[in-house]
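take this sequence and fold it.
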Amino acid sequence: MFRSIALVLLAALLGGCESMSESECRAADWGRVGFKDGAAGVAEQRLAAYTEDCGKIGVRPDSRAYRQGWDTGIQRYCTATNGWRAGTEGQESKSQVCVGQAGESEFSRYLNAGLQVYRTNQQIQDNSREIDRLQKLLNKANSDDERRRLRRQLQQIDNDQYRLRILLGQHQLMMPR
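Next comes the predicted model:
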């Protein structure tokens with residue numbers, strides 16, 4: 001029984017890894033697929049996944065058309081605005097997508113600036129969770145010494161939050177215009 005459940009789960013997981021359905025493989029305009037991937041900031045290596053998945057049903061992607069489409073699409077992606085967006089969303093993996101492209105330096109600069117915003121926001125959120133945790137402990141504290149210690153910790157984190165919010169404002173000034 002357990003073995004059959006495991007096999008069903010494995011099949012579902014493997015099926016979920018397909019980059020394209022059978023019908024998409026058969027009907028694909030590979031130039032358009034490449035363009036859409038490039039414009040979305042998808043690495044050119046996605047073609048290898050298409051080749052493997054579509055090859056299982058006897059369809060071979062037109063790699064030349066895909067690459068031409070991708071080359072055009074990636075030019076649309078490698079911009080300051082997309083670098084900033086990817087950075088503020090914490091998509092550090094996007095750092096290699098624009099290497100060698102015309103917009104690489106702008107994209108990279110704003111990706112890094114956006115990542116600073118993302119990391120600062122993460123620190124602020126982590127501190128907020130810690131403040132909540134310490135507040136609960138403070139509410140349950142039994143001794144004056146314990147309450148003083150918790151209040152000191154809360155004050156330190158509150159000071160850190162203030163500093164982080166100022167830093168966040170400075171980072172946000174780097175947003176592309």
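
please enumerate residues in contact with the helix or strand that contains residue 85?
Per DSSP states H and E, residue 85 falls inside helix 80-88. Helix 80-88 has contacts (C-beta atoms under 8 Å, 6 or more residues apart in numbering) with 41, 94, 98, 103, 106-118, 175-176. All C-beta atoms are positioned from the backbone trio N, CA, C, and that covers glycine.

so what's residue 74 closest to, chain neighbours aside?
Computed as C-beta to C-beta, 6 or more residues apart in numbering, the closest residue to residue 74 that is not its neighbour in sequence is residue 38, at 3.8 Å.

for the one you found, which residues are in contact?
44, 69, 70, 71, 72, 73, 74, 75, 76, 77.

same thing with residue 108?
So residue 108 contacts 83, 95, 98 (C-beta under 8 Å, 6+ apart).

okay, now the closest residue to the second one other than its chain neighbours: neighbour count?
In this case it means residue 95. Leaving aside its chain neighbours, residue 95 sits nearest to residue 111 (6.1 Å; criterion: C-beta to C-beta, 6+ apart). Neighbourhood size, residue 111 [other C-beta atoms under 10 Å]: 23.

pull out the buried residues from the one helix or strand residue 111 maps to.
In this structure, residue 111 sits in helix 104-140 according to DSSP H and E. Buried residues in helix 104-140, counted by 16 or more other C-beta atoms under 10 Å: 106-111, 113-120, 123, 127, 131, 134.

do stretch 85-103 as well
Buried residues in stretch 85-103 (16+ other C-beta under 10 Å): 85, 86, 87, 88, 91, 94, 95, 97, 98, 103.

between which two of these is the distance greatest?
Spatial extent of the buried residues of stretch 85-103 (C-beta to C-beta) is set by the pair 88 and 103 at 17.7 Å.

picking that back up, from the contacts of residue 108, which is closest to residue 54?
When the contacts of residue 108 are compared for distance to residue 54 (C-beta to C-beta), residue 98 comes out closest, at 26.5 Å.

do you know how far the closest residue to the closest one other than its chain neighbours is from residue 145?
Taking C-beta to C-beta, 6+ apart, and ignoring the residues beside it in sequence, residue 98 has residue 78 as its nearest neighbour in space, at 3.9 Å. Between residue 78 and residue 145 the distance, using C-beta to C-beta, to the nearest Å, works out to 57 Å.

who has more neighbours, the two?
Remark: of residue 78 and residue 145, residue 78 carries more neighbours, 24 against 9, as counted by other C-beta under 10 Å.
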